[in-house]
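Peer 1: quick one, what's the 3D model for this:
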Amino acid sequence: MKINKGVVIKSLNRVLLYFGLIVTMGFFLFPFYWILITSIQPGTELYQKTPNFVPHDFSFENFFSVLGGGKVSITGALANSLIVATTTTIICIFLGVFAAYAFARLKFKGSNIIFVALIFTEMIPPVALLIPFYLIFKRLHLTNTITGLVVFYTAWLLPITTWVLFSYFKTIPKDLEDSARIDGASRVGALFRIVLPLSFPGIISSGIICFVFSMGEFMGALSLINRQESQTLPLALAQFIGKYSIDYGKITASAILAILFPVLFVLIFQRFLIKGLTAGAVKE
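Peer 2: Below you'll find the predicted structure:
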């Protein structure tokens, strides 16, 4: 029986490819698996000397505890994070649509310089801006408030939103807007009736970026929030780390709740994500 070397090599390459993908996925997914099994293990198994990669018993006591059944509850912090992330996302998309459309379609003096300056602000490490932001927010009485966090995250994420939407608007033929203008639509009407429906993937992509970053940001919230009533979820996670001990069960249960909403958001709109982020990458 004659063996086709080309087929063998092709099959071997495919096996090596799948093996590499499995190893890579295992490397990146194992920390999430470890967080999950740690959150559902009872204390008798969790603090054994030999770690259990497959727990024998399951317990949801940690989840009940952090959701209100224990001394420390993260329910308020979870609600604050959802409010901040949702509000920031809506504001960034609303303002980003008009800003990106102006840069993409309205050519005015200094528009390129302003756009480059806007994107350049994202190269500045956010940590370097924490002290100026804190001093300004303290003068405006925005520290320890949900409003202050929304303003801070909007200032941080609005340039990214504008950049993503700008790239997507540039892929939409201008002739479509010109046709609408000829039929009597105003420029704003053409934006809402023609451009925005076609830009739905870009809007979803920028919304996912804003929501995920707002839900997980820690340093800015730590600098601006000192009151427990205004804490976000990342700040609430830190309270499970004591001076001499760490409550691994409760901190991992809280971490599962922290990543649950961003993951669901991404899974629901994942088919729009890549299309929105890669818009404008290839020129025809």
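
Peer 1: identify the residue nearest the geometric centre of the protein.
Peer 2: residue 212 (1.8 Å; CA atoms, centre = their mean).

Peer 1: next helix or strand past whichever strand or helix holds that one?
Peer 2: Assigned by DSSP states H and E, residue 212 falls within helix 200-216. Using DSSP H and E, the helix or strand that follows helix 200-216 towards the C-terminus is helix 219-224.

Peer 1: so where's the stretch 1-150 of the chain uncertain?
Peer 2: 1-8, 43, 46, 69-73 (pLDDT under 70).

Peer 1: all helices for it, in order.
Peer 2: 5-39, 43-46, 61-64, 75-105, 111-120, 130-139, 146-169 (DSSP state H, counting those that start in this stretch).

Peer 1: which strands or helices does the helix holding residue 212 pack on?
Peer 2: helix 75-105, helix 146-169, helix 248-268, helix 270-277 (3 or more CB pairs under 8 Å, 6 or more residues apart in numbering; DSSP states H and E). The C-beta positions use only the backbone N, C-alpha and C, and glycine is treated the same way.

Peer 1: separation between the nearest residue to residue 57 once chain neighbours are set aside and residue 59?
Peer 2: Leaving aside its chain neighbours, residue 57 sits nearest to residue 42 (5.5 Å; criterion: CB to CB, 6 or more residues apart in numbering). According to CB to CB, to the nearest Å, residue 42 and residue 59 sit 4 Å apart.

Peer 1: number of nearby residues for residue 88?
Peer 2: By other CB atoms under 10 Å, the residues close to residue 88 number 27.

Peer 1: and the one 4 residues further on, by the same measure?
Peer 2: Other residues near residue 92 come to 30 when the count uses other CB under 10 Å.

Peer 1: same deal with the one 5 residues further on?
Peer 2: Applying the criterion other CB under 10 Å, we find 22 residues in the vicinity of residue 97.

Peer 1: can you check residue 219 too?
Peer 2: By other CB under 10 Å, the burial measure for residue 219, its neighbour count, is 12.

Peer 1: before we move on, the earlier item: how about the closest residue to the residue nearest to the centre of the chain other than its chain neighbours, what does it touch?
Peer 2: Spatial nearest neighbour of residue 212, chain neighbours left out: residue 262 (4.5 Å); criterion: CB to CB, 6+ apart. By CB atoms under 8 Å, 6 or more residues apart in numbering, the contact list for residue 262 reads 211-212, 215-216.
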